[in-house]
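**Student:** Take this sequence and fold it.
(2 chains)
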Amino acid sequence: MVKLTINHKSFEVEDGITIMEACEQANMPVPSLCYLKDLNEIGACRVCVVEVIGMERLVTACNNPVWNGMEILTNSPKVREARKTNVDLILSQHDCFCPTCIRNGNCKLQKIAFSLGIHQAGYQRDITTTPWPKDIPLIRDSGKCIKCMRCIQICDKVQSLHIWDVAKTGSRTTVSVSENRNILEAPCSFCGQCVTHCPTGALSARDDKEQLFAYDAPIADPDKVVVVSIAPAVRTAWAEESGLPREAATPGKLVAALRQMGFQYVFDTNYAADLTIMEEGSEFLERLSHKEDFDYPLFTSCCPGWVRFLKSQYPELTTCLSTAKSPQQMQGTIIKTYFAKVAGIQPENIYHVSIMPCMAKKAEADIPTINDSGAGKDVDLVLTTRELIRQCRSMNIDFSSLEEEEFDSPLGTGTGAGVIFGATGGVMEAALRSCYYLVTGKNADADAFKEIRGMDGWRESSIDINNTTIKTAVVNGLGNARKLIEALLKGEVQYDFVEVMACPGGCVGGGGQPIHLDEEETEDRREYLYSLDQNAPLRFSHENPEIQKTYEDFLEKPLSHLAHELLHTDHTAWTVPGTKKIKPE
Amino acid sequence: MSRLSIITKSKSQSIVEELYKDLERRIIASPPGLCPIDVSSSFLKLCHAQTCGKCVPCRIGLSQLEHLLEDVLNGDATLDTIPLIEKTARVIAETADCAIGFEAARMVLKGLEGFRDDYIEHITTGKCLCHLEQPVPCVALCPAGVDIPGYVALVSKERYQDAVSLIRKDNPFPVACAYVCEHPCEARCRRNMVDAPINIRGLKRFAVDHAGNVPVPKCSSPTGKKVAVIGGGPSGLSAAYYLQLMGHSVTVYEQRQKLGGMLYYGIPNYRLPKDLLDQDINAILSTGIQVRLNTSVGDEENQVSFDELRKEYDAIYLSIGAHTDKKLGIPGEEAKGVISAVSFLRDIGDGKLPDFTGKRVIVVGGGNVAMDATRSAIRLGAENVSVLYRRRKKDMTALPDEIEAAIAEGTEILELHAPKEIEQNADGQVTAMYADPKIIGLMDSAGRPRPGDLNCPPSRIPCDIVIVAIGQDIVYGPFEHAGLPIKRNTFQVKESSAVIGTDGIFAGGDCVTGPSTVIRAIATGKTAAANIDTYLGYHHIISSDIEIPPARLGDHPACGRVNMTERASQDRIKDFNLCEYGMSSEEAAQESRRCLRCDHFGYGVLKGGRVHEW
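**Tutor:** Sure thing, here's the model as predicted:
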């Protein structure tokens, strides 16, 4: 323990902690801007400076440890002048037209400028603009970049993709796509972690709402049947900004909100999650019956960020991906085939919108070879959770008065197994629940495989089904995926089945989820999904009556000819920019 | 008003004078990797501030050049901007009335020639080819990439053993380098911006002097691969050390009776005592390297044939150094008493000390070898030793400290004298050197002034011994016969050190670079080791698990640099014992605390201030 004073009050704190942590504990927090715990402690913005008595120069609180006898001043006139001036300098190079900014009201710079009381800009404006393509899910507005370097660090340290880097030198130093590449040449996974960790509106996901909601868009077209599906992880985060507690913002109320927006059918992507389990699980069991033919495990394919990562970084392993489409794409295909048939609608007249916690899903829906319904794109439009929230806001939807409503059928029922797709380990657990049934003919306890749950980046387990041991691994975060693959390639580990989700924590922490300054909601969102599973009347994908009926009336059985045609895809049929060359043997 | 007045500096003027000095030091400390156009543009602004404003090209032209360069940097230029810059600069260079204008324009022209690619990249893609690769200037400038802030911090914590272990990750000669490294690391030390560079070599010396015996890391499990290293100098032994650590089985072939190459046979004991060099060599050999001393490789009967080695080993590293002397090519060179510096120093290394008592010695040359020969000759009892050099003292390539030490020991530097003829008596014994006086002249393309002829008779300098130290060559004959490519007297290699057009043969050190520094030789050995490992189909990692003390906050008030001191000159010339004193512990503590820790502060904290493994 070390003894120190903060603003003349004595404290005793743990040795080795930073000044910032000590001030936090003493309830005299120091404001910060670029700081991101464990990832970006670089003292670039110089906003968290404090005065240490005896030292002439000011000291950054984020990356300097306390020492015994330290006397810290967090609010001296010298500190306040420095802090305000540095923020004012940042503002001089920031496009401050806040009202039209996608992060208006949710911007760390805006918040700090306001809280410091900077109500007049003191410096000449000096904003740079750099062109950026508008047709990819990731959007960068260089005029809003404050060079905090968080995007670089997230992509390097968590996702290991090194898409961003510092570019140029001197006064023109900026953040840009690494290796002097254009973003269209870089193997970006579109995971969106840089977006959710950007303190300002410099990085954002492409906003596609107007494609649906404009006055001449499908929602206003009497000939169009506008259908929406919502992903598992959306229901855990959609009301975070509304003031409604998570538990009170039930999926039923979300259905009501979507009907208010004008959607004619509201479906649940949990249905397709269950369908994915039937297909992917069967594929896995089929593979397991001659597992000696495979050098590497079967990889899940529901996460498009991961699929892009694998295809660009380890193209030689692309064939290890399950051929099963992701739930989003299965949902899309089934809506424009089976549902169209059942409902008697021309598939061409259906406009299908998918609401996702994810940015990469926008790119997935655009994969040219992914559409099998024969009626244009299987998923016409992908909106993120954030776009959903923005639309609610723009339509003044009153969350507190929403009454629960039911999903539409036949794609409105999902099981607890489907809902946990939104969290790391969920796909694996759901698959094992059904694999156990498919092999043994009876259900295991729904919580039998709960050891797979957790937040660790790389988790392993061995499951025994009918005397066959299945070795599984679950990773989240692409950096962990890279570590796992490197270990696989070196022969250090061996698995039968591996689940990968690109975002830390899985889709609950997805790049399309609401952004909270300085708070990570991933853990709470995850717990909520598991509580939905716990309380679900059905917890096994194979028990979903709508799934059973879909096979009975339409698909026949998992891996049938039609299922292959509609629900599986060839991951090798398209390429990710910047794909590494396959090393010769 | 008086007719004349004494000029006194105004307060503002004296502050500006101080700022000039600050700026000079700041330019010295420029981090490597800056955008050359940005730097040119900034220089141009300074040049423009110097203009008196009389002439059009300088007053207006320089500001237009500034705008044009800014356009390039801001992405507002087109490819037509380049010829416009060129034309404007050319006209300023041709028409400005004084150097303020024409030299400023010349800088721009030089840039258009030297980094046109950067101009084009900025214009066509809006991007810059440059970025700071290695954020720590000292590490960036060390050819071997030694973790300097790391070991300086360890010295400040009195963790000398750890400092030595950390240095060995990139350089297996910590002791030799502590005594004789040319310390390119100090050149751009950021501390220059505050006062003066850290005495990095001095701190390394303090570490090795106080570390005691530091064991080397354990070798990786044996790979069964065999590597031959031809030449046991710093480059060869560095390669051998790392390859052996990687688990390969290395044999070093050394034609002389001692290992160390020029460290042993070129650098005199008074700079690098042999027993200290042995500490490095013993540590290197403790990894299990096999050594064949007195074994040379070549086509002669008593030599090992190169082809045999090629058959026997999976890879070969050639590091034969540059050990033959260059000739003056003047009449009388064959006279008795004319000797080459290389063989002179080599004999001393082998313990064969000639007696120069009462002899008058002339050393020809201006490099470090010339200084070593000079100072050795003094120690051998010469009556006087003169250094003959055709340029000026300030143009000498020897380290300034070495020149100063030689002068302190009584040497006279005969600047601007080029050897013309050696006079000999009837016995063929040297009696005098005739040397042509020279005038210093125009700069050559490398920026060194050429000596020109003066219309006056040669000087006759009576002498008994002439030591020729005008450069060294390599003995490449047998290797050329074996088909290795030679160009300008050096082996031709790729970036990886692989000899062009061969398979499994690598080369480095002086035989590739020409006579160069120890640390460059070590760096080539390290590079070759990594690439030989890859060639053999492995990817062994060399790393260190030494924990580096965290950077300490401080205000860093300006503080003088601790320089090394030497034994009194009248005392040290009597023997070949070490001249230089190490730092005291107070000095080492103060000096190590001056380090600004660029591995942490500034760019270091963003990009990680160190390379943990290679």
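**Student:** Now do residue 229, the pLDDT please.
**Tutor:** Reading this off chain A. pLDDT for residue A:229: 98.
**Student:** actually it's chain B I care about, not the one you picked
**Tutor:** Residue B:229 is given a pLDDT of 97.
**Student:** got the contact list for it?
**Tutor:** B:236-237, B:239-240, B:243, B:250-253, B:316-317, B:319 (Cβ atoms under 8 Å, 6 or more residues apart in numbering or on different chains). Quick note: C-beta positions are derived from backbone N, CA and C, even for glycine.
**Student:** And for residue B:214?
**Tutor:** Each residue near residue B:214 by Cβ under 8 Å, 6+ apart is listed here: B:161, B:164-165, B:168, B:283.
**Student:** ok, it to residue B:174 distance?
**Tutor:** 8 Å (Cβ to Cβ, to the nearest Å).
**Student:** who touches both of those two?
**Tutor:** Contacts common to residue B:214 and residue B:174, judged by Cβ under 8 Å, 6+ apart, are B:164, B:168.
**Student:** Identify the farthest-apart pair in the contacts of residue B:214.
**Tutor:** By the measure Cβ to Cβ, B:161 and B:283 form the most distant pair in the contacts of residue B:214, at 12.2 Å.
**Student:** Of the two, give the one with the bigger neighbour count.
**Tutor:** Taking neighbours as other Cβ atoms under 10 Å in any protein chain shown, residue B:161 and residue B:283 compare with residue B:283 leading, 20 against 16.
**Student:** does stretch B:20-38 come close to chain A?
**Tutor:** Yes - applying Cβ under 8 Å from any Cβ of the partner chain, one finds stretch B:20-38 touching chain A at B:33-35, B:38.
**Student:** Where does pLDDT dip in chain B?
**Tutor:** Scanning chain B with the threshold set as pLDDT under 70 gives B:132-133.
**Student:** What parts of it come near chain A?
**Tutor:** B:33-35, B:38-39, B:42, B:73, B:121, B:125-132, B:550, B:553-555, B:605-607.
**Student:** which ones among the residues you listed are found in helices?
**Tutor:** Among the residues of chain B next to chain A, the ones falling in helices (DSSP state H) are B:38-39, B:42, B:73, B:121, B:125, B:605-607.
**Student:** Can you lay out those as a markdown table showing neighbour count?
**Tutor:** Shown next, in a markdown table, are these (neighbours: other Cβ atoms under 10 Å in any protein chain shown):
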| residue | neighbour count |
| --- | --- |
| B:38 | 23 |
| B:39 | 18 |
| B:42 | 16 |
| B:73 | 23 |
| B:121 | 18 |
| B:125 | 13 |
| B:605 | 21 |
| B:606 | 18 |
| B:607 | 21 |
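**Student:** Export these to a markdown table and append columns for distance to residue A:377.
**Tutor:** Formatted as a markdown table, those follow (distance: Cβ to Cβ, whole Å):
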| residue | distance to residue A:377 |
| --- | --- |
| B:38 | 47 |
| B:39 | 51 |
| B:42 | 53 |
| B:73 | 43 |
| B:121 | 39 |
| B:125 | 34 |
| B:605 | 46 |
| B:606 | 42 |
| B:607 | 42 |
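**Student:** Excluding sequence neighbours, find me the nearest residue to residue A:262.
**Tutor:** residue A:219 (4.9 Å; Cβ to Cβ, 6 or more residues apart in numbering or on different chains).
**Student:** quick one: the one you found from residue B:563, how far?
**Tutor:** Note on residue A:219: its distance to residue B:563, by Cβ to Cβ, is 79 Å.
**Student:** What about residue B:217, how many residues nearby?
**Tutor:** 14.
**Student:** picking up where we left off before, now flag whichever of the contacts of residue B:229 is closest to residue B:599.
**Tutor:** Of all the contacts of residue B:229, residue B:239 has the smallest distance to residue B:599: 27.1 Å, by Cβ to Cβ.
**Student:** For chain A, what lies in contact range of chain B?
**Tutor:** Going by Cβ under 8 Å from any Cβ, the residues of chain A near chain B are A:41-44, A:52, A:55-57, A:59, A:63-65, A:130, A:149, A:152, A:165-172, A:176, A:180.
**Student:** Those residues, buried ones only, as a ChimeraX selection?
**Tutor:** Under the burial definition 16 or more other Cβ atoms under 10 Å in any protein chain shown, those of those that qualify are selected in ChimeraX by:
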select /A:41,42,43,44,52,59,63,64,65,149,152,165,166,167,168,169,172,176,180
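**Student:** okay, now the domains of the chain?
**Tutor:** All of this refers to chain A. Listed by automatic domain parsing, the domain ranges of chain A are A:2-89, A:138-205, A:210-573.
**Student:** think we crossed wires, I meant chain B
**Tutor:** Per automatic domain parsing, the structural domains of chain B span B:34-125, B:137-215+B:551-607, B:226-323+B:474-535, B:327-471.
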